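# Sequence below, structure please.
(chains A and B)
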Amino acid sequence: MNDTERAIINGLQGGFPICERPFLAAAEQLGLSEETLIDGLRCLLDNGTLSRFGPMYHAERLGGALSLVAMEIPAADFDRVAELVNAYPEVAHNYARDHALNMWFVLATEKPERKDWILGDIERETGYPAYDMPKLAEYFVGLRLEV
Amino acid sequence: MSALPFDPWFTDPRDPALFEALQEGLPLVSRPYAAMGERVGYTEAEVINRLREWRLSGLIKRLGVIVRHRRLGYRANAMVVWDVPDTEVSQVAGRICQYSFVTLCYRRPRRGSEWPYNLFCMIHGQDRERVESQIRQLIEGCGMTAWPTATLFSTRCFKQRGARYVPSIETVSLESIEPA
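Model (predicted):
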């Protein structure tokens, strides 16, 4: 990774201007030219370092439900269950973790009540309980990875 | 005209198209808001106003780059949890958030004997040993040595992208939502 790419990643995780020439404004902050910033972003998107360049939404404010769900799945059955769970379009960020509760995924639904239907379906299809752990409070930290 | 989705965010019939265009990512051109406006029938100034409103009202948490952390070498991804008395959890969380290596911090419900923990934080690091030492630093620095704790490193990632928020609103991909 070169210095330009590093500056872009470190500098643009926290926000991006909403004005007529936002790349110019952001580039000035980073000590780059507008063209270098645009080319660098294109490069980082093309090579897969960035998944997107755009908005992060507040899912709850879109009126839906968002939760973290945990399951305890025997190793021999893990791949079957992962496939069933991942087939739901509402499931994302599914991770295996080293704990008795070893499958952790995020569930996001448009209608709040649909969350419980899907969890019920997942429990019936897989045969294992799903522990629903919606956030009760969020404490402020900036999600920012330095490179 | 039928009711617009996402009421009260969408107040103009062009808003859903603008939301969808934004979701695809900002155009990499000198005046991206003008380019988005051309697609959806807004002027550049109108796009800027709508986006500023959405950001002020909190529909948009932020604009910016969304990194694939594994691609950047952040492979040690730890979820650290504690069972903290409910009366103290906010105060403790405030101390946890002072540490720059903590990336997310939430309070969640306990789930019986299977899961007695109510305070969650995430640490994304490049190296497991270093993350383990940061966790020790956190526990001592925040005065948390007395409370039951567990650290869950991720061992595999099955799905980090490609999902859709909801089938009926095809515009919001889960990638735009931070790990809950």
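# Mark out where each domain of chain B begins and ends.
Residue ranges for the domains of chain B, per automatic domain parsing: B:1-64, B:76-153.
# In JSON lines, list those along with mean neighbour count, distance to chain A and mean pLDDT.
The way it works is simple: take the backbone N, C-alpha and C, and place the C-beta from them, glycine included. Formatted as JSON lines, the domains of chain B follow (neighbours: other C-beta atoms under 10 Å in any protein chain shown; distance: least, C-beta to the nearest C-beta, whole Å; pLDDT from 0 to 100):
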{"stretch": "domain B:1-64", "mean neighbour count": "17", "distance to chain A": "4", "mean pLDDT": "87"}
{"stretch": "domain B:76-153", "mean neighbour count": "17", "distance to chain A": "4", "mean pLDDT": "93"}
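# can you give me the strands in chain B?
Assigned by DSSP state E, chain B shows strands spanning B:60-67, B:76-82, B:102-107, B:119-125, B:149-159.
# err, chain A, not the other one
Under DSSP E, chain A gives strands at A:50-57, A:65-71, A:91-97, A:103-109, A:130-133, A:137-139.
# Of those strands, which is nearest B:Gln23?
strand A:50-57 (6.7 Å; C-beta to C-beta).
# and the angle for the closest one with strand B:60-67?
170 degrees (axes from the mean of the first three to the mean of the last three C-alpha atoms, to 10 degrees).
# mind listing what strand A:50-57 pairs with, with the direction of each?
strand B:60-67 (antiparallel) (DSSP bridges).
# residues making contact with the partner strand?
The contact list for strand B:60-67 (C-beta atoms under 8 Å, 6 or more residues apart in numbering or on different chains) reads A:8-9, A:12-16, A:18, A:41, A:44, A:49-58, A:145, B:26, B:51, B:54-55, B:175-176, B:178.
# how about the helices of the chain, start to end?
Going with chain A. Taking DSSP state H, the helices of chain A run over residues A:3-11, A:22-30, A:34-46, A:78-86, A:112-126.
# Can you look at chain B instead?
B:15-23, B:32-40, B:44-57, B:89-96, B:128-141.
# Output the first one as CSV, nothing but the C-alphas.
Translated: helix B:15-23. Taking Å, rounded to 0.1, in the frame of the first residue of the first chain, the C-alpha atoms of helix B:15-23 are listed here in CSV:
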residue,chain,number,x,y,z
ASP,B,15,-36.1,10.7,-2.9
PRO,B,16,-36.3,6.9,-3.3
ALA,B,17,-34.2,7.1,-6.5
LEU,B,18,-31.7,9.4,-4.9
PHE,B,19,-31.4,7.0,-1.9
GLU,B,20,-30.8,4.1,-4.3
ALA,B,21,-28.2,6.0,-6.3
LEU,B,22,-26.4,6.9,-3.1
GLN,B,23,-26.5,3.3,-2.0
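# And that helix, what does it pack against?
strand A:50-57, helix B:32-40, helix B:44-57 (3 or more C-beta pairs under 8 Å, 6 or more residues apart in numbering or on different chains; DSSP states H and E).
# The third one too?
Secondary structure elements in contact with helix B:44-57, counted by 3+ C-beta pairs under 8 Å, 6+ apart, are helix B:15-23, helix B:32-40, strand B:60-67.
# In a markdown table, list the helices and strands packed on helix B:15-23 along with distance to B:Ala150.
Below are those laid out as a markdown table (distance: least, C-beta to C-beta, whole Å):
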| stretch | distance to B:Ala150 |
| --- | --- |
| strand A:50-57 | 28 |
| helix B:32-40 | 44 |
| helix B:44-57 | 37 |
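# mind checking which of those is nearest A:Asp121?
Taking C-beta to C-beta, strand A:50-57 is the member of these nearest to A:Asp121, at 25.2 Å.
# any idea of the mean pLDDT for that closest one?
The pLDDT scores in strand A:50-57 average 85.
# Report the distance from that strand to the chain centre.
Relative to its parent chain, strand A:50-57 has a centroid offset of 9 Å by C-alpha atoms, centre = their mean, to the nearest Å.
# Just the CA atoms of that strand, as PDB, please.
Output in PDB follows, covering the C-alpha atoms of strand A:50-57 (Å, rounded to 0.1, in the frame of the first residue of the first chain):
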ATOM      1  CA  LEU A  50     -12.700  -1.000   0.000                       C
ATOM      2  CA  SER A  51     -16.100  -2.600  -0.300                       C
ATOM      3  CA  ARG A  52     -17.800   0.700  -1.000                       C
ATOM      4  CA  PHE A  53     -17.400   4.400  -1.000                       C
ATOM      5  CA  GLY A  54     -20.700   5.900   0.100                       C
ATOM      6  CA  PRO A  55     -23.200   6.000   3.000                       C
ATOM      7  CA  MET A  56     -23.500   4.100   6.300                       C
ATOM      8  CA  TYR A  57     -27.100   4.100   7.300                       C
END
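# Pretty sure B:His69 sits against B:Asn77.
Yes - applying C-beta atoms under 8 Å, one finds B:His69 in contact with B:Asn77, separated by 7.3 Å.
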